[in-house]
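*Asks:* Sequence and predicted model, in that order:
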Amino acid sequence: MTAVPDIEFRAVTKRYGAVTAVRGVDLAIPPSAFVALLGPSGCGKTTCLRMIGGFEQPSEGQVLIRGRDMAGTPPYRRPVNMVFQQYALFPHLDVEENISYGLRQARPRLSSHEIALRAGEALSMVQLAGYGRRKIHELSGGQQQRVALARALVNKPAVLLLDEPLAALDKKLRTDMQIELQNLQREIGITFVLVTHDQEEALSMSDFVCVMNGGRIVQLGQPSEIYDEPADLFVADFVGKTNLVSGKVARLSGDLVDVALADGTVISARKRVPLSRGEAVSVSLRPESLSLSAPGSGSLKGIVRNRIFLGSTAEYAIEVRGIGSLLAKADHVIGQGNLFKPGEPVAIGFAAGAPLAFPHANNNGTNQREDQNAEILS
Amino acid sequence: MRRSFFRKNLVTALLLAPAALWLVVFLVLPFVAIAIFSVGERAPEGGYQAALTFAQYANLPARATAFWNTMVLAPIGALACLLVAYPVAYYLALRAPDRWRLILLAMIVIPFWTSLLMRTYAWMYILGGRGIPALLTYVGIEDLRLINTPGAVLLGIVYGYLPLMILPIYVSLERLDRRLLEASADLGATPLSTFLGVTLRLSLPGVMTGFSLVMILLLGEYLIPTLLGGGKVFFIGNALVDLFLQSRNWPFGSAIAITLVLVSVVVLIIANRISTRLSGARRVDLI
């Protein structure tokens, strides 16, 4: 990419006393992208966002906005605006005063005519025209969310920062807002950086997902890449639902490995990192890559324990002896009927190339705990 | 249904009875008595003699100095308290390290455990001839008079009433959502405009509570002007003591007392109006 990145992290580390929240993060966010920082709580994502906003200073490394090093630049001189968690709207100002707050800080001063004009535009942009004189506490959660968006966007920032913006909304509203945010980003064409712990939200809205764990970036890629080709066991487990089955490498052949599962079954899996023969591995099996059929064919045999009918799909919890419970997901075709019933024996097959094998060791455990402390501190 | 409703009301009435009785005996009845006194006449040997006249009210200008001193020094005193108290409250609520906060708060409250009389006496000596003026003679400043001046009264007022101003402001700043300050900075506001536009605005209920509290107590202040003003800086409180206990002119004293109450109520109403207007829905919790 030749263009100057909107946001760039160069070897950024952030420590709070003895606790390290962000460890040597390098990241370049291209212009006009919708990027999600995704990770469990305490992974350092919020700290990263706050370093862009200027509320935290990196202990080491640099944060650049449009190529300019931001060291020593206070929040009020940065060309970015933030939508805060729970919005942080000013309770003593009405909707329009909240939205024009940033415009009134501009130097040289804007004319009151221009302020009113731009605030009005921002209000209609978030479909709140006519709500200007309302008090903040008279608005619903969704409306407050829109005011927070308008208050940030009215300043025409280079980058919009969103800190868990949908966390306080109910599910229906959240889905609507996801679509609306996506549309807004395309319309305005500026970079959105979204922090979320909700993998579904990250996958559904963003162009790029940056998965973080233990203060590091574990994977950066398009949502489908993250889902289909997780870089490690953590990403495979954290993003989307998956079954993790332990086994041992029985045979290596190019990109593929044969893994012997605990019950003796051997399945073919792809590997993302080098593995050696006899190594203990976890195999990730996405629920939708499992195919169920009547007993007789397939690699594994099991018994249906639970059926969760979801309309377009049905999920099955299947007990496989020696392995444990596996989650399978099957499309439901109208009229086909014949769903498997609890107690029924089934055979399980795997879509070719779908199983992924990862080294078994989990070396992120300690880091994660440390970083949870960091988030509490911040 | 009706029976339980009746019983519930009976319980409520019984629980409220002691407080209601207290209010009637010690507030309503004395107030009515004072109101009646204020339209009466002084008996020849002092005290009260029944009459219906507004002569006492017409005579109020005779105590204009006491009214004037009170009306000037009470707001100035409250304002001086506010100017000293706000930075302290701000530091305590927003800047002080957590482990120090409690200790610092205790240091503000603990002097309250000693009587105001004792502490004001201490000031009498500090400001008196053998106190600070005596020390200043060593650096060549002679004949400085501190005690028995309006300045001494003001100092006493600030000293005595500071905690009453600090605590409500501290509470309102403590409740302030810190993310609002970040949001303000994020929207381009400098620290000064964040302070004026967010911090100060949202702490106004606390400011108004502290201000009205101190102001109202000052309107009836007696002790500090007596000890530190030496009878030269005369407050309404001093005038009342004088009229009731020395010259035994109860009706005139009552007229002054009634006027004082009316002024206090007006002050409270104005403070409440301002505070409600400035901070939206929130109200001063004093009335």
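*Replies:* In hand now; what should we look at?
*Asks:* if we look at stretch B:232-241, which residues are touching it?
*Replies:* The set of residues that contact stretch B:232-241 without belonging to it, under CB atoms under 8 Å, 6 or more residues apart in numbering or on different chains, is B:63, B:65-67, B:69-70, B:73, B:148-150, B:153, B:219-222, B:225-226, B:229, B:231, B:253, B:256-257, B:260. (Glycine included, C-beta is placed from N, CA and C.)
*Asks:* Mind checking which of these are in helices?
*Replies:* Here DSSP state H is the test, and the contacts of stretch B:232-241 give B:65-67, B:69-70, B:73, B:150, B:153, B:219, B:225-226, B:229, B:253, B:256-257, B:260 as lying in helices.
*Asks:* Give me the buried entries from those residues.
*Replies:* B:66-67, B:69-70, B:73, B:150, B:153, B:219, B:225-226, B:229, B:253, B:256-257, B:260 (16 or more other CB atoms under 10 Å in any protein chain shown).
*Asks:* tally of neighbours for the residue of the stretch 1-150 of chain B found nearest chain A?
*Replies:* When scored by CB to the nearest CB, the stretch 1-150 of chain B has residue B:98 as its residue closest to chain A, at 12.1 Å. Number of residues near residue B:98 (other CB atoms under 10 Å in any protein chain shown) recorded here: 6.
*Asks:* Same check on residue A:73?
*Replies:* Burial measure for residue A:73: 15 neighbouring residues, criterion other CB under 10 Å.
*Asks:* near chain A, which of the buried ones among the ones in helices among the contacts of stretch B:232-241 show up?
*Replies:* Checked against chain A using CB under 8 Å from any CB of the partner chain, these give no members in range.
*Asks:* any idea which of the residues you listed is closest to residue A:142?
*Replies:* Relative to residue A:142, the closest of these is residue B:219; by CB to CB it sits at 49.6 Å.
*Asks:* Hmm, that closest one is touching residue B:261, no?
*Replies:* No - Residue B:219 is not in contact with residue B:261 according to CB atoms under 8 Å; the separation is 9.2 Å.
*Asks:* List the buried residues of stretch A:289-296.
*Replies:* Using 16+ other CB under 10 Å as the burial criterion, the residues of stretch A:289-296 that qualify are A:289, A:290, A:291, A:292.
*Asks:* pLDDT, secondary structure and distance to residue B:92 added to these, as CSV?
*Replies:* Formatted as CSV, the buried residues of stretch A:289-296 follow (pLDDT from 0 to 100; DSSP: H, G, I helix; E, B strand; the rest coil; distance: CB to CB, whole Å):
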residue, pLDDT, secondary structure, distance to residue B:92
A:289, 91, helix, 60
A:290, 90, strand, 61
A:291, 87, strand, 66
A:292, 87, strand, 65
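*Asks:* would you turn those residues into JSON lines with distance to chain B?
*Replies:* As requested, those are arranged in JSON lines below (distance: CB to the nearest CB, whole Å):
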{"residue": "A:289", "distance to chain B": "43"}
{"residue": "A:290", "distance to chain B": "45"}
{"residue": "A:291", "distance to chain B": "49"}
{"residue": "A:292", "distance to chain B": "49"}
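*Asks:* which residues are contacting the helix or strand hosting residue A:37?
*Replies:* Using DSSP states H and E, residue A:37 falls within strand A:34-38. Outside of strand A:34-38, the residues that reach it under the criterion CB under 8 Å, 6+ apart are A:29, A:45, A:48-49, A:182, A:185, A:191-197, A:199, A:201-202, A:205-212, A:238-239.
*Asks:* please redo it, this time with the cut-off set to 6 Å
*Replies:* Counting contacts by CB atoms under 6 Å, 6 or more residues apart in numbering or on different chains, the residues outside strand A:34-38 that touch it are A:29, A:45, A:48, A:185, A:192-196, A:202, A:206-211.
*Asks:* quick check, nearest of the residues you listed to chain B?
*Replies:* Using CB to the nearest CB, residue A:193 is the member of the contacts of strand A:34-38 that lies nearest chain B, at 13.5 Å.
*Asks:* And the pLDDT for the closest one?
*Replies:* According to the model's per-residue confidence, residue A:193 sits at a pLDDT of 97.
*Asks:* can you give me the offset of stretch A:305-324 from its chain's centre?
*Replies:* Averaged C-alpha coordinates place stretch A:305-324 at 26 Å from its chain's average position (CA atoms, centre = their mean, to the nearest Å).
*Asks:* Which stretches in the stretch 1-150 of chain B count as helices?
*Replies:* Remark: helices of the stretch 1-150 of chain B, listed N- to C-terminal, are B:2-23, B:29-38, B:55-58, B:64-90, B:98-109, B:116-127, B:132-137, B:150-174; assignment by DSSP state H, counting those that start in this stretch.
*Asks:* Residue A:280 is nearest to which of those?
*Replies:* Across the helices of the stretch 1-150 of chain B, the minimum distance to residue A:280, taken as CB to CB, is reached by helix B:98-109, at 46.5 Å.
*Asks:* Just the buried residues of that closest one, please?
*Replies:* Of the residues in helix B:98-109, those buried by neighbour count under the rule 16+ other CB under 10 Å are B:101, B:105, B:108.
*Asks:* Same check on stretch B:78-89?
*Replies:* B:78, B:80, B:81, B:82, B:85, B:86, B:88, B:89.
*Asks:* For it, list the C-alpha coordinates in CSV.
*Replies:* Listed in CSV are the C-alpha atoms of stretch B:78-89, where the atom choice follows Å, rounded to 0.1, in the frame of the first residue of the first chain:
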residue,chain,number,x,y,z
ALA,B,78,-19.6,32.9,51.5
LEU,B,79,-17.8,33.9,48.4
ALA,B,80,-14.4,33.9,50.1
CYS,B,81,-15.2,30.4,51.5
LEU,B,82,-16.1,29.3,48.0
LEU,B,83,-12.9,30.6,46.4
VAL,B,84,-10.8,28.8,49.0
ALA,B,85,-13.0,25.7,49.1
TYR,B,86,-13.3,25.0,45.4
PRO,B,87,-9.7,24.2,44.6
VAL,B,88,-9.5,22.1,47.7
ALA,B,89,-12.6,20.1,46.8
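*Asks:* how about the residues of the stretch 151-287 of chain B that lie near chain A?
*Replies:* B:179-180, B:182-183, B:185-190, B:201-202, B:279-280 (CB under 6 Å from any CB of the partner chain).
*Asks:* now those in a markdown table, with pLDDT and secondary structure?
*Replies:* Output for those, formatted as a markdown table (pLDDT from 0 to 100; DSSP: H, G, I helix; E, B strand; the rest coil):
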| residue | pLDDT | secondary structure |
| --- | --- | --- |
| B:179 | 94 | helix |
| B:180 | 96 | helix |
| B:182 | 96 | helix |
| B:183 | 97 | helix |
| B:185 | 97 | helix |
| B:186 | 96 | helix |
| B:187 | 96 | coil |
| B:188 | 95 | coil |
| B:189 | 96 | coil |
| B:190 | 95 | coil |
| B:201 | 90 | helix |
| B:202 | 91 | helix |
| B:279 | 61 | coil |
| B:280 | 54 | coil |
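*Asks:* where in the stretch 251-378 of chain A is pLDDT low?
*Replies:* Residues of the stretch 251-378 of chain A that meet the criterion pLDDT under 70 lie in A:336-338, A:361-378.
*Asks:* What segments of it are strands?
*Replies:* Remark: strands assigned in the stretch 251-378 of chain A by DSSP state E, counting those that start in this stretch are A:256-261, A:266-271, A:280-285, A:290-293, A:300-309, A:313-320, A:324-331, A:345-350, A:356-359.
*Asks:* Distance to residue B:30 for those strands - can I get that in CSV?
*Replies:* As requested, these are exported to CSV (distance: least, CB to CB, whole Å):
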stretch, distance to residue B:30
strand A:256-261, 91
strand A:266-271, 91
strand A:280-285, 83
strand A:290-293, 86
strand A:300-309, 75
strand A:313-320, 77
strand A:324-331, 79
strand A:345-350, 89
strand A:356-359, 84
